[in-house]
Each structure stands twice: as structure tokens, then as C-alpha cells.
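> Prediction below, plus the sequence it came from.
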Amino acid sequence: MHRQPLPQIVLVAHNIRSLHNVGAMFRTADGCGVSRVYLTGYSGTPPRDMIAKTALGAELAVPWEHHRAVIPLLRKLRKAGYQVLALECAPKARLLSTFRPHFPVALVFGNEVTGLSPVVLRAADEVVAIPMLGVKASYNVSVACGMALYALRFGRRK
């Protein structure tokens with residue numbers, strides 16, 4: 001059976017402090033057909049036991065790169081034709097559930113506590129958010145990664 005190539009998605013994980021979150025993001029990236037993971041700022045990089053513990057080998061299956069500075073990377077991705085989407089609970093963020101991306105997409109995630117800085121948000125083409133119904137203001141970054149990648153990869157498109 002001939003399969004159509006998947007629309008390209010890359011993941012940018014900026015200043016992720018927990019190696020377990022990095023590992024979970026690799027595992028989700030593998031499951032959702034992400035073509036590359038960019039680890040930026042002080043995000044931990046493989047090989048590390050705590051990444052491998054949650055990635056379960058996905059860190060070996062998904063190509064990755066480390067870039068100290070995120071803004072030049074985002075500019076490079078945009079120049080290559082990627083729509084840069086920042087996932088953040090921001091006042092003017094569009095709901096991911098109704099957002100229609102233009103592939104290829106670079107999906108940017110930020111620090112577990114501080115999120116993405118205003119500079120990174122301004123560098124994005126769009127800011128998207130996942131709505132919350134509970135008392136907390138945001139999801140765990142690796143959970144949000146899974147939800148967002150699933151929505152982009154498998155969400156209903158009109």
C-alpha cells in the first residue's frame with residue numbers, strides 16, 4: 001500500500017529543566033512522526049539515563065540537535081518554510097483545537113515554570129494554547145507536548 005508522506009513537524013524544546021520531560025517529549029515525538037527535535041537553551045540532551053528512562057529508546061530514533069540560542073533557530077526554520085507555533089497560555093493565544101496550521105510546522109515549548117519569554121512569543125508566527133478546565137493555569141510540558149502533537153498530527157482538518 002502506498003502511503004502519503006506525513007506533513008512535516010519539528011519540535012523545539014526550549015529551557016526544559018526536567019530530563020524526564022525531555023525524555024517523554026522524545027517518546028511522544030516518535031509516536032507522532034516528528035522529523036526532528038531541537039533542544040535549545042539549557043534543555044538536557046542525550047545521552048542521559050533520566051532521558052532514556054522515559055524516552056525508552058525514542059531519543060535514539062528521532063534525530064535531534066542542540067542549539068544554545070533559540071531565536072536564530074526559529075529564524076532559520078521560518079526561512080526554510082516552517083510556520084513557527086509557540087504553545088503558551090497567553091492572553092491572545094488561539095485555541096489549538098480550532099487552529100489550522102500551515103505545514104511544515106515548528107512547535108515550540110518552554111520552561112515548566114516560566115513558559116516562553118515575550119521575545120520567543122514575538123518570534124513565533126502564531127501563539128496557540130490548550131484550554132484548561134481545572135484550577136491550574138497550565139499542563140505539564142510533556143503532557144502539553146503530547147496533546148499538541150496529537151492535535152496537529154491526527155486532529156480533524158476541514
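Here it is on my side, so go on.
> and the residue nearest to L56 when sequence neighbours are not counted, how far is that from L87?
Nearest residue to L56 in three dimensions, chain neighbours excluded: R27, at 6.0 Å (C-beta to C-beta, 6 or more residues apart in numbering). Just so you know, the C-beta spots here come from the backbone N, C-alpha and C atoms, and that holds for glycine as well. Distance from R27 to L87, counting by C-beta to C-beta, to the nearest Å: 18 Å.
> R17 too?
17 Å.
> The two: who's more crowded?
L87 (27 against 15; other C-beta atoms under 10 Å).
> Thought A148 was touching that one, still the case?
Yes - assessed by C-beta atoms under 8 Å, L87 is found in contact with A148 at 5.3 Å.
> which neighbours do those two share?
96, 107, 128, 130 (C-beta atoms under 8 Å, 6 or more residues apart in numbering).
> shouldn't the last one be in contact with V141?
Pointing back at I130 there. No - between I130 and V141 there is no contact under C-beta under 8 Å: 11.3 Å.
> Tell me which of those two has more neighbours.
V141 (23 against 18).
> Report the separation between that one and T28.
Computed as C-beta to C-beta, the V141 to T28 distance reads 11 Å.
> following the helix or strand encompassing R27, which helix or strand comes up?
For R27, the enclosing helix or strand under DSSP states H and E is helix 19-31. As assigned by DSSP H and E, the chain's next helix or strand after helix 19-31 is strand 36-40.
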